[in-house]
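**Student:** the following comprises the amino acid sequence and a computationally predicted model.
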Amino acid sequence: MACDCARQVAIAALAFVACIGIGAQTPHPAPTFRSEIDLVQIPVRVLDARGEFVGGLTQSDFQVFEGGQPQTVTAFSEIDIPFVPAGAAQPTMVSEVEEPIASSEVLHVEGRAYVFVLDNQNMPAAVALKTRHLMRRLIRDSFAANDVAALVLTGTGRGQSFTSSQRLLNEAIDRLMSDADPSDNSPDTVMQKIADTAQWMGNTITGRRKALVLITPSSICQLANTNLKNFSNCNDAARYALRITVRSDVSIYTIDPRGIAATHGSPAEFADRSERSTVVVRGPLDAARYLAEESGGFAVLNSNSLDTGFARVMRENSAYYLLGYYSTNTRADGEFRRHKIVVSGARVRVVYRNGYLARRQ
């Protein structure tokens, strides 16, 4: 890509944009437009008995149901991204130039797109040190030459705009410190930053599943029954962040950089179910875990297999199908709607997020 074009696709990681595409026009009685925000888009992984991705399927092999009602798939594509070793020349790579693009422009990515949200608002100094070591390994081992990534901090400090340069990413990682913003330590602020980041990713990256990798040692906050008195929770903020994340076709992957603590004592959760340890499990009221599981990602918690977990993140964002449909349920009630995807033919395991939050009036 020419130098001028390369400059145009570098993005300031905190300059969030808000452009929304418009879809097909509906007929009479009055001219109205169906926004792309109404399109339900689902990344789908189809796996065989060995856990390997099953490629070569067509749109007719998939059936989508929402609330038991069949839906018409209107968008379909198979994504299969090769892993280009670091150092390989890529003519379309994002350059190291750090000029923001206009809000009307988008980033065209040949490989995978990651945004690492480093939660230094909730990160002690010792954990920040472990996080720097973890991030350097992830960039070294699982970041390909055709990938792009950006770093966003929830506390204070300077992140990194989108780049394919391992050097720039490592320099940004080295700047990570335990720098909480003392002026605003509300969990809702962290949730808002996650929502803003997801919206920015959705508006600027097209044709790709988008991975928001949340590196945090904290649950951020706890979800709770809102009928309970005198209990502080962030239900509304978490649901808002999830709604924006799903609508932006972003999957959140939560990684706790602390690993296993010696005092923990129940089954672990991490990338591969075949490998389990004895640790405490952060429960379903953990907001950071909730965002990961409900957005179609997963949580790597209470585990020392952090590199293995990110290797799975890389696999999930390398080979998948992208399905889209307009729901027959047109109510703008903000409710959670479950969908089911069935693949005809051979026995396979179908992995996808199990629903979405409808838009509000």
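**Tutor:** On my side now, so go ahead. Numbering: from 1, shown residues only.
**Student:** now do the nearest residue to Ala332 once chain neighbours are set aside against Ala288, distance only.
**Tutor:** Spatial nearest neighbour of Ala332, chain neighbours left out: Gln361 (4.3 Å); criterion: C-beta to C-beta, 6 or more residues apart in numbering. C-betas here are computed from N, CA, C, even on glycine. For Gln361, the distance to Ala288 equals 29 Å [C-beta to C-beta, to the nearest Å].
**Student:** these two: which is more packed in?
**Tutor:** Taking other C-beta atoms under 10 Å, Gln361 and Ala288 do not tie; Ala288 has more neighbours (26 against 6).
**Student:** ok now the one helix or strand that one maps to, how far from the chain's centre?
**Tutor:** When secondary structure is defined by DSSP states H and E, Ala288 falls within helix 287-294. Centroid separation for helix 287-294 versus its chain: 11 Å, with C-alpha atoms, centre = their mean, to the nearest Å.
**Student:** can I get it in CSV, CA atoms only?
**Tutor:** In CSV, the C-alpha atoms belonging to helix 287-294 read as follows (Å, rounded to 0.1, in the frame of the first residue of the first chain):
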residue,chain,number,x,y,z
ALA,A,287,-18.8,-8.5,35.6
ALA,A,288,-15.6,-9.0,33.7
ARG,A,289,-16.4,-12.7,33.3
TYR,A,290,-20.0,-11.9,32.4
LEU,A,291,-18.9,-9.6,29.5
ALA,A,292,-16.7,-12.2,28.1
GLU,A,293,-19.1,-15.1,28.2
GLU,A,294,-22.1,-13.2,27.0
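**Student:** quick one: end-to-end length of stretch 115-133, please.
**Tutor:** Distance across stretch 115-133, first residue to last, is 18 Å (C-alpha to C-alpha, to the nearest Å).
**Student:** name the residues of it that come out as buried.
**Tutor:** 115-123, 127-128, 130-132 (16 or more other C-beta atoms under 10 Å).
**Student:** just the ones in helices from those, please.
**Tutor:** Among these, the ones falling in helices (DSSP state H) are 127-128, 130-132.
**Student:** wait, which of those is closest to Val342?
**Tutor:** Thr131 (40.4 Å; C-beta to C-beta).
**Student:** how far away is that closest one from Thr156?
**Tutor:** 15 Å.
**Student:** check Val115 too.
**Tutor:** Taking C-beta to C-beta, one finds Val115 at 18 Å from Thr156.
**Student:** so the residue nearest to the spatial centre of the chain, which state does it fall into?
**Tutor:** Residue closest to the mean C-alpha point of the chain, counted by C-alpha atoms, centre = their mean, is Ser251 at 2.8 Å. Here Ser251 is strand, with the state taken from DSSP: H, G, I helix; E, B strand; the rest coil.
**Student:** next: Val350.
**Tutor:** strand.
**Student:** I figured it hits Pro43, correct?
**Tutor:** No: taking contacts as C-beta atoms under 8 Å, Val350 lies outside contact range of Pro43: 11.5 Å.
**Student:** count of neighbours near Arg137?
**Tutor:** The burial count for Arg137: 12, using other C-beta under 10 Å.
**Student:** what's next to the helix or strand it falls within, contact-wise?
**Tutor:** Here Arg137, judged by DSSP H and E, is contained in helix 125-142. By C-beta atoms under 8 Å, 6 or more residues apart in numbering, the residues outside helix 125-142 that reach it are 86, 116, 118, 120, 123, 149, 166, 169-170, 173-174, 176-178, 215, 217, 255, 257-259, 306-307, 310-311, 313-314.
**Student:** quick one, strands of the stretch 51-200 of the chain?
**Tutor:** In the stretch 51-200 of the chain, the strands defined using DSSP state E, counting those that start in this stretch lie at 62-66, 69-71, 73-80, 113-118, 148-153, 160-163.
**Student:** re earlier: how much space separates the residue nearest to Ala332 from Glu335?
**Tutor:** On the measure of C-beta to C-beta, Gln361 and Glu335 end up 12 Å apart.
**Student:** centre of the chain to stretch 284-291, how far?
**Tutor:** Worked out by C-alpha atoms, centre = their mean, stretch 284-291 lies 14 Å from the chain centre.
**Student:** okay, buried residues for that stretch please.
**Tutor:** Here stretch 284-291 shows 286-291 as buried, counting by 16+ other C-beta under 10 Å.
**Student:** then stretch 80-87?
**Tutor:** Buried-residue list, stretch 80-87, by 16+ other C-beta under 10 Å: 81, 83-84.
**Student:** and stretch 177-194, by the same measure?
**Tutor:** Here stretch 177-194 shows 177-180, 187-194 as buried, counting by 16+ other C-beta under 10 Å.
**Student:** look at Asn65 and say how many residues are nearby.
**Tutor:** I think there's a mix-up here, since residue 65 is Phe and not Asn. 13.
**Student:** again with Asp196
**Tutor:** Applying other C-beta under 10 Å, we find 16 residues neighbouring Asp196.
**Student:** and what of Phe143?
**Tutor:** Phe143 - counted by other C-beta under 10 Å - has 22 other residues nearby.
**Student:** correct me, but it touches Gln166?
**Tutor:** Yes: taking C-beta under 8 Å as the definition, Phe143 is a contact partner of Gln166 at 6.4 Å.
**Student:** any residues in contact with both of the two?
**Tutor:** Both Phe143 and Gln166 are contacted by Ala86, under the criterion C-beta under 8 Å, 6+ apart.
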